[in-house]
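S.K.: Here's my sequence, what's the structure:
(chains A, B, C, D, E and F)
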Protein chains: 4
Amino acid sequence: MSPADTEPRQDGTARGRPRSEAVERAIIEGVMKLLEDGVPLAELSIERIARTAGVGKATIYRRWSGKEELFVDVMRAAEPPDPQLPGTSMRDDLVVLLEALRRRGLAGRTSAILHNVHAQMKSSPNLWAAYHDTVILPRRRLGLDVLRRGRENGELRADVDLELLNDIVVGPVLVRTLMRPDADLPDDLAERVVDTLLQGLRPVNG
Amino acid sequence: MSPADTEPRQDGTARGRPRSEAVERAIIEGVMKLLEDGVPLAELSIERIARTAGVGKATIYRRWSGKEELFVDVMRAAEPPDPQLPGTSMRDDLVVLLEALRRRGLAGRTSAILHNVHAQMKSSPNLWAAYHDTVILPRRRLGLDVLRRGRENGELRADVDLELLNDIVVGPVLVRTLMRPDADLPDDLAERVVDTLLQGLRPVNG
Amino acid sequence: MSPADTEPRQDGTARGRPRSEAVERAIIEGVMKLLEDGVPLAELSIERIARTAGVGKATIYRRWSGKEELFVDVMRAAEPPDPQLPGTSMRDDLVVLLEALRRRGLAGRTSAILHNVHAQMKSSPNLWAAYHDTVILPRRRLGLDVLRRGRENGELRADVDLELLNDIVVGPVLVRTLMRPDADLPDDLAERVVDTLLQGLRPVNG
Amino acid sequence: MSPADTEPRQDGTARGRPRSEAVERAIIEGVMKLLEDGVPLAELSIERIARTAGVGKATIYRRWSGKEELFVDVMRAAEPPDPQLPGTSMRDDLVVLLEALRRRGLAGRTSAILHNVHAQMKSSPNLWAAYHDTVILPRRRLGLDVLRRGRENGELRADVDLELLNDIVVGPVLVRTLMRPDADLPDDLAERVVDTLLQGLRPVNG
DNA sequence: TATTAATCGAGACGGTACGTCTTGTCTTGGT
DNA sequence: ACCAAGACAAGACGTACCGTCTCGATTAATA
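M.R.: Alright, predicted model coming up:
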């Protein structure tokens, strides 16, 4: 799924002119620039991408089998780095994770790319799978680890389903980010979600 | 956004051959049939839709301004009816609402159409808005009403943010339905989400 | 080989918008204009022809299966009309026929087209055959008729091979026209060829 | 026009690895093999020639500036040697010359190459000129010499135009060879052409 | 014997054209 | 006024070649 789909060579022997990494970057940067400039994803033809990057069409097809595969790498390049967990408590760690998610949905470049390409990739199951495996899954695992530690530390009920809980924690931010583009993502959203969940929904007295 | 974009006539006077409603149904049914047959959304050209429905291309353009507008109506036609709330308690109402959401993500026809068209529409803000306003928003209001009644009945803490809570309730199911296509949606998912949230996450003793 | 390769319809029933004859003419005229302007045949891409004629590529492919087929029709359109035979004698008729051949090789538009397309067509046996059958053969028959009448009238030896003789008469002009592009075609060439042949090559006394 | 276009060095000093003559032959042989195998000239890309000859593209471009120049050398290599004239009489010499021409148009390898490359070269005036000067012209001069000797020997009328006569002699065979690919070239064609011309066309008595 | 420089096969590179497909508009003749 | 059919200009699709440009690896003649 990464660049070098039509592998240039299986063994180590390199023959012929090697592929230029600069070209690779130029293409991905070109796509990002177009998306940031507000060009609708539907108008992102390979022809136009090539024109923008000052590159021949074949040079694109030599690396990616089509638009979708290219977009996977564009997303990967646009993906912000993993957040640094404070480790002071489960609650704090969750807030940091959620906050990273919230920010990702706001930031200019990332946001424009994310919203568009995300939607696009959904139409292609195996591409989605590739993105899921290399981007989503590691983050998900990060969240599950935090929750597991929380359960072990006694911050969490012992009988809770961690997988489900992870979806519950992450759900509201993801929903607001990707499915309700007009929804606001206030600064304290991460905190409020985590604290609301921890406090429980029942009235205080009981 | 609805059919009859290029309105046939503003006033009441009807002149010439009236538009055939059968044609309208044939087109929408045709799109659904193709999607159910596993035709990828990307291969759904207007040309092919017209061929499948045995209809001229102009007849489609006379009703919708393009593929996306047509898809909005296809989604609307595929949307399952609103669930009937039992009204016995907030908890029960929420479970029924969530269960409807879960079912929508499973059902064959609906599911295939949903996943595809949903993704597609995300690329077009105003189309997404149209879908949001006529399909998502009413459901959302239904959920908010249930929560509001719950708060009034004392089933909910008084200081909770209903908007946020609604996203928390709906989030996990939506995430599993639309963003993790391989995730399982077990029969008791709705119940477990609602009960997990109501019980709170803290260990019992305190 | 003619226009209308992908026949629009076999029976008489005409359905859909009929093909525009104006477009047909515009395309053929466009090719001629380019050739007259000195554009080398090798640079006559379908893409360029379409651009010049202000026509979509598909519109060309709808009529001809490729460049070569199109060129057959261009040649046909550029072909000068059959000459009018005086009928006063075999000698005079032959001179007129040869003179027509000579002129064809001189005339600006025709000449440029002829030389180029002629060469091009040679690479495609069946296209050459098509051109041969509809353009060359009728002319050839005209020549054979003249010779046959000459033999019946006693202007020709009875034992002569008419087919061969026709090639002998036509040969020198054709060679100078098509194979020695720099050769001159003097005004009296036709007369001189015919008279040289009629007089024989032997010295007068014998 | 010959190999060594981008001359490897002007002065005598030879530095670096010298060009391999074997490579040169391999390329020309490769082209001939492809043509004999019935590959249409239009499909003879430099890319394919290089592939067939097991040679890098640059190695071809180092010797010839393009396809056409390469073809000139291919033709030269395929050209049969000059015929040996008996010298017994003008008539016999002409028959031998014509017979050589006829054979050239028949022979397998030569014929396939001739017909194709001949046509191709016509589109490029200066290439045609090169071929004309080094291949056609010497043959033509050979014919003119024979005719001149014939006139001096009294085998020919003194007032005949030798240039024109040469075209008349050569014309029919050339026409049948290059312009009527389906025409037959019977064994006695050369004799019949020469004798027909010598006998004259008029009836015997007069 | 080492150095040097042009050669070699391989294949990447920016372009252009190929022939096919879809887009949205525009005629047709018929309902 | 509507309909199905299909022509039309425009332009993207993915592939093939164009002629140029690196690569690492030969291959002589020179130093």
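S.K.: Next up, the contacts around A:D159.
M.R.: Under the criterion of CB atoms under 8 Å, 6 or more residues apart in numbering or on different chains, A:D159 has no neighbours. All C-beta spots, glycine's among them, are computed from the backbone N, C-alpha and C.
S.K.: Please report how far the residue of chain A found nearest chain C lies from A:Y61.
M.R.: Closest to chain C within chain A is A:E47: 13.9 Å, counting by CB to the nearest CB. Using CB to CB, to the nearest Å, one gets 11 Å for the distance from A:E47 to A:Y61.
S.K.: Settle it for me: which of those two has more neighbours?
M.R.: A count of neighbours by other CB atoms under 10 Å in any protein chain shown puts A:Y61 above the other of A:E47 and A:Y61, at 15 against 10.
S.K.: and A:V173, what does it touch?
M.R.: Applying CB under 8 Å, 6+ apart, the residues near A:V173 are A:98, A:101-102, A:105, A:185, A:189-190, A:193.
S.K.: Between all of those residues, which two are at the greatest distance?
M.R.: With CB to CB as the measure, no two of these lie farther apart than A:G105 and A:V193, at 13.5 Å.
S.K.: Of the two, which one has the most company?
M.R.: A:V193 (27 against 18).
S.K.: what about that one, distance to DNA strand F?
M.R.: Distance of A:V193 to DNA strand F, computed by CB to the nearest atom of the strand, to the nearest Å: 40 Å.
S.K.: With adjacent residues omitted, what lies nearest to that residue?
M.R.: In this structure, A:V193 finds its nearest non-sequential neighbour in A:P172, 5.4 Å apart by CB to CB, 6 or more residues apart in numbering or on different chains.
S.K.: tell me the domain ranges of chain A?
M.R.: Each domain of chain A is listed here as a residue range: A:21-77, A:80-199, per automatic domain parsing.
S.K.: and the ones you listed, which one's lowest on average pLDDT?
M.R.: Across these, domain A:80-199 has the smallest mean pLDDT, namely a mean of 84.
S.K.: That one near DNA strand E at all?
M.R.: No: using CB under 7 Å from any atom of the strand, domain A:80-199 stays clear of DNA strand E, with a minimum separation of 14.3 Å.
S.K.: Quickly note the distance from A:A58 to B:D37.
M.R.: 34 Å.
S.K.: Throw the domains of chain A into TSV and include distance to D:L70, thanks.
M.R.: Listed next are the domains of chain A as TSV, based on distance: least, CB to CB, whole Å:
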stretch	distance to D:L70
domain A:21-77	25
domain A:80-199	45
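S.K.: Of those, give the one that comes closest to C:G16.
M.R.: domain A:21-77 (29.1 Å).
S.K.: is the closest one anywhere near DNA strand F?
M.R.: Yes: judged by CB under 7 Å from any atom of the strand, domain A:21-77 comes into contact with DNA strand F through A:45-48, A:56-58, A:61, A:66-67.
S.K.: All the helices of chain A, in order from the start?
M.R.: Assigned helices in chain A, in chain order: A:21-36, A:46-53, A:57-61, A:67-78, A:90-106, A:108-122, A:125-131, A:137-152, A:162-174, A:189-199 (criterion: DSSP state H).
S.K.: Of the ones you listed, which stretch is the most buried?
M.R.: helix A:162-174 (a mean of 22; mean count of other CB atoms under 10 Å in any protein chain shown).
S.K.: what angle do that one and helix A:137-152 make?
M.R.: Angle of helix A:162-174 versus helix A:137-152, following axes from the mean of the first three to the mean of the last three CA atoms, to 10 degrees, is 120 degrees.
S.K.: Contact partners for the residue lying closest to A:L97 once chain neighbours are set aside?
M.R.: Distances taken as CB to CB, 6+ apart put A:G143 closest to A:L97, at 5.7 Å, once the chain neighbours are dropped. Going by CB under 8 Å, 6+ apart, A:G143 touches A:94, A:97, A:166, A:169-170.
S.K.: ok, now how distant is A:S65 from chain B?
M.R.: Distance of A:S65 to chain B, given as CB to the nearest CB, to the nearest Å: 14 Å.
S.K.: Equivalent analysis for A:V95, please.
M.R.: Applying CB to the nearest CB, the value for A:V95 to chain B is 14 Å.
S.K.: That residue reaches A:D188, doesn't it?
M.R.: No: applying CB atoms under 8 Å as the test, A:V95 and A:D188 come out as separate, 9.6 Å apart.
S.K.: residues shared between the contacts of these two?
M.R.: By CB under 8 Å, 6+ apart, no residue touches both A:V95 and A:D188.
S.K.: What is the neighbour count of the residue lying closest to A:R151 once chain neighbours are set aside?
M.R.: Leaving aside its chain neighbours, A:R151 sits nearest to A:A158 (6.4 Å; criterion: CB to CB, 6+ apart). With neighbours defined by other CB under 10 Å, the count for A:A158 comes to 9.
S.K.: A:A158 reaches A:R148, doesn't it?
M.R.: No: with contact defined as CB under 8 Å, A:A158 does not reach A:R148; the gap is 11.6 Å.
S.K.: Show the contacting residues for the residue nearest to A:V193.
M.R.: A:P172 is in contact with A:193, B:164, B:167-168, B:171, counting by CB under 8 Å, 6+ apart.
S.K.: Farthest pair within these?
M.R.: Across the contacts of A:P172 (CB to CB), the longest gap, 10.1 Å, separates B:L164 and B:G171.
S.K.: For the residue nearest to A:R151, what are phi and psi?
M.R.: phi -70, psi -30 (degrees, to the nearest 10).
S.K.: State the distance from it to C:V96.
M.R.: Following CB to CB, the distance that separates A:A158 from C:V96 is 112 Å.
S.K.: hang on, the earlier thing: of the residues of domain A:21-77 next to DNA strand F, which are in range of DNA strand E?
M.R.: Within those, those near DNA strand E by CB under 7 Å from any atom of the strand are A:56-58.
S.K.: This completes my enquiry, with thanks.
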